[in-house]
Each structure stands twice: as structure tokens, then as C-alpha cells.
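Participant: Fold the following and give me the result.
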Amino acid sequence: MANVGFIGLGHMGKPMARNLMKAGHRVAGFDIVAGAAAAAGTRAVESASEAVRKADAVITMLPSGTEVRQVYLGEGGLLLAARPGTLVIDCSTIDVTTARQVNIAAAARGLQMIDAPVSGGVKGAEDGTLTFMVGGEESACEAARPFLGSMGRNVIHAGAAGNGQVAKICNNLMLGVAMIGVCEAFVLAEKLGLADQKLFDIVAKSSGQSWALTSYCPVPGPVPTSPANRAYQPGFTAAMMLKDLILAQQAAHAARAPAPLGAAAAATYSLFAAMGHGDLDFSGIITMLRGGRPAEPQPAP
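Facilitator: Purely as a prediction, here's the structure:
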């Protein structure tokens, strides 16, 4: 088993680190939030550089490209602290440009690096069923499989550095648009007198079927595990969906690719977040489309 440095032990990073330890890896953890590393059960260290200094592999799960650049390229950063040959895995969802720039800098230091953003949310992280979308050299992807396989079910090599981020923002562009469509359909059906369960039963077996409907239904009842059944406790927050839709819009603008539905979805989630609901699950946007306020999430028992 390997020594792993894990940086970023928030809602996603904490269960991911725990699954690495369950697989037998020795994990040194660092987070700017005091006590996060201890709460995750990792060996707590005082800095990101200390977490990676003796590591065979380094995993980061950070909020944005700003933090990734700071942790990797800043003064006393990860790339300077890691030993040559160390495997570096960034699981953050960030802009493609930053992912590619950091990969180039890592290669110049003699490090193997992949970008490996995830799909599956907090529950997938807890259950070890995440999907990893990997950008970088195929040899680095193969070296990372034992670690990624401890945290997830699917590891898919998407191609060159940054392509993991491309896959992630394209996936969430589709998901954000799809969820709004599903929510609009339920609101319309409710206003026209069609019961939620009846609409679900019909569309789940028809051409309107989608993951947003059958795995993450935004109304209580049809899918008991969906956040709709727990007052839209996340899951995957509306603020995180907005972040990913903005990344998709920035990439579309840079690539001169049309994305009008993505722009509309970003504007809709921006309004929902501005109303103070960014911490709710992204499927909770149905409450705004109904014209009401979400119920206050209750603490988990």
C-alpha cells in the first residue's frame, strides 16, 4: 500500500480520503479548515507541502482554479515539495486552461499528473462509486487506477491533459439543462392536473426519460433516494452546478461554440443562488419555478 497526500477535505474530499484508507493506503491530510483532516481520520499535517513531501501519490480536491494554482504553483507549492516521479491527481473541477498549465508545470518538475474530476456527488464519494474523467498521459492514468479504483467505480481516460475537465463541464452542461427541463415539465403537469407519480411512470418509459428524472427526480416520492425527499439537502449544490455551468460558458466562449441553453441554465441557477438557495441541492430549483420557497432542510438524524 502507498503513502498518499490528500489536500482538500471538504464534503467530497473527506469520504474520498476515508475510502483510500479503507483500501489500506496511508493518508496524510491537509485542509485550511482546522480539524478537517482529523475529522476525516487522516494523519493531520500542518501544510500542503508537508502532506506531499513523502507521498507516493498526491490527490487534491479544491474549490476552483484559483486554489489549484495557489496550491500547485504558489510559493512553497506542491510541485516544489513533491519528489520527482510522484503521481499527482487533481480531482477538482476547474477551468481547462488552468488544468493544462499545471500539468505542463508538473511535467517540467518530473512529476506524473492527471486531471481527474468526478461525477457522483457526495453520495458517490461516500459509497465509493464515483466516475473519474481523466485527462493526461495514458501511463499516468494507468498508474492512478489503483487509487481511483479505491474511491470510484468508473475510470475513463478522456485523452490529453485538460480533457478530464472538458468531459466534466460538458457532462454538467447537459445535466443542468436537463434538470431544468424535468422541473419545468413537472410544474406544468401539476398546473394541468397530472399527478407527479403518473408523469414519472409515463415519462420513465418514454422518450423524455433521463438520468435527471429516473435517478434524481426533483419531486418527492417517485425516487426515494433523491434529495427531493429530504427537503433538497445536497447531493450536489445549486452553487456548484452554477459554478460548472459558468465554466462551460467560459469554455464555449473561448472555443466559439454555441451554447444558448447552457447560458439560459446558468442564468436560471444564478437567480436561484441569488435568492439565497445556493446551498440547496440543484434539483431544488423546481421550487423557484413553482414560485415558492424551498422548505428548510432538516439536520440529518
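Participant: Run a quick neighbour tally on the closest residue to residue 246 other than its chain neighbours.
Facilitator: Closest residue to residue 246 apart from its sequence neighbours, by C-beta to C-beta, 6 or more residues apart in numbering: residue 266 at 5.9 Å. To be clear about C-beta, it is placed using only N, CA and C from the backbone, and glycine gets the same treatment. When counting by other C-beta atoms under 10 Å, one arrives at 23 neighbours for residue 266.
Participant: How about residue 73?
Facilitator: If you count neighbours by other C-beta under 10 Å, residue 73 ends up with 16.
Participant: quick one: contacts for it?
Facilitator: 79, 102, 105 (C-beta atoms under 8 Å, 6 or more residues apart in numbering).
Participant: neighbour-wise, which of these leads?
Facilitator: Using other C-beta under 10 Å as the neighbour criterion, residue 102 leads those with 27 neighbours.
Participant: from memory that residue sits against residue 90, does it?
Facilitator: Yes. Here residue 102 reaches residue 90: they are 7.0 Å apart, a contact under C-beta atoms under 8 Å.
Participant: which residues do these two both contact?
Facilitator: Common contact partners of residue 102 and residue 90 (C-beta under 8 Å, 6+ apart): 68, 72, 113.
Participant: Quick check: what element follows the helix or strand where residue 5 lies along the chain?
Facilitator: Using DSSP states H and E, residue 5 falls within strand 3-7. Downstream of strand 3-7, the next assigned helix or strand under DSSP H and E is helix 13-22.
Participant: in that following helix, what's buried?
Facilitator: 13-21 (16 or more other C-beta atoms under 10 Å).
Participant: orientation of it relative to strand 3-7 in degrees?
Facilitator: Relative orientation of helix 13-22 versus strand 3-7 (axes from the mean of the first three to the mean of the last three C-alpha atoms, to 10 degrees): 170 degrees.
Participant: Check which helices and strands helix 13-22 sits against.
Facilitator: Applying 3 or more C-beta pairs under 8 Å, 6 or more residues apart in numbering; DSSP states H and E, we find helix 13-22 packed against strand 3-7, strand 26-30, helix 36-40, strand 57-60, helix 121-127, helix 138-151.
Participant: Relative to the strand holding residue 5, what are the paired strands and their orientations?
Facilitator: For strand 3-7, the paired strands and their directions (DSSP bridges) read strand 26-30 (parallel), strand 57-60 (parallel).
Participant: Go through these and pick out the most buried.
Facilitator: Highest mean neighbour count of those: strand 57-60, a mean of 27 (counted as mean count of other C-beta atoms under 10 Å).
Participant: average pLDDT for it?
Facilitator: Mean pLDDT, computed over strand 57-60, is 97.
Participant: what about residue 154, which helix or strand?
Facilitator: strand 152-159.
Participant: what's the next secondary structure element after that strand?
Facilitator: helix 163-191.
Participant: Kindly provide the whole-number mean pLDDT of that following helix.
Facilitator: Helix 163-191 carries an average pLDDT of 98.
Participant: If I take the next helix or strand after that helix and helix 163-191, what angle do their directions form?
Facilitator: Remark: after helix 163-191, the chain's next helix or strand is helix 196-203, criterion DSSP H and E. Per the same axes, to 10 degrees, the angle that helix 196-203 makes with helix 163-191 is 120 degrees.
Participant: quick one: contacts of helix 196-203?
Facilitator: Applying C-beta under 8 Å, 6+ apart, the external contacts of helix 196-203 come out as 185-186, 189-190, 209, 213, 217, 219-223.
Participant: Quick one, which of these are buried?
Facilitator: For the contacts of helix 196-203, buried by 16+ other C-beta under 10 Å: 185-186, 189, 213, 217, 219, 222-223.
Participant: how's the protein carved up into domains?
Facilitator: In terms of domains, the chain is parsed into 3-160, 166-290 (source: automatic domain parsing).
Participant: Just give the closest residue to residue 284, not the sequence neighbours.
Facilitator: residue 232 (3.4 Å).
Participant: The one you found: how many residues sit nearby?
Facilitator: Other residues near residue 232 come to 27 when the count uses other C-beta under 10 Å.
Participant: No further queries at this time; thank you.
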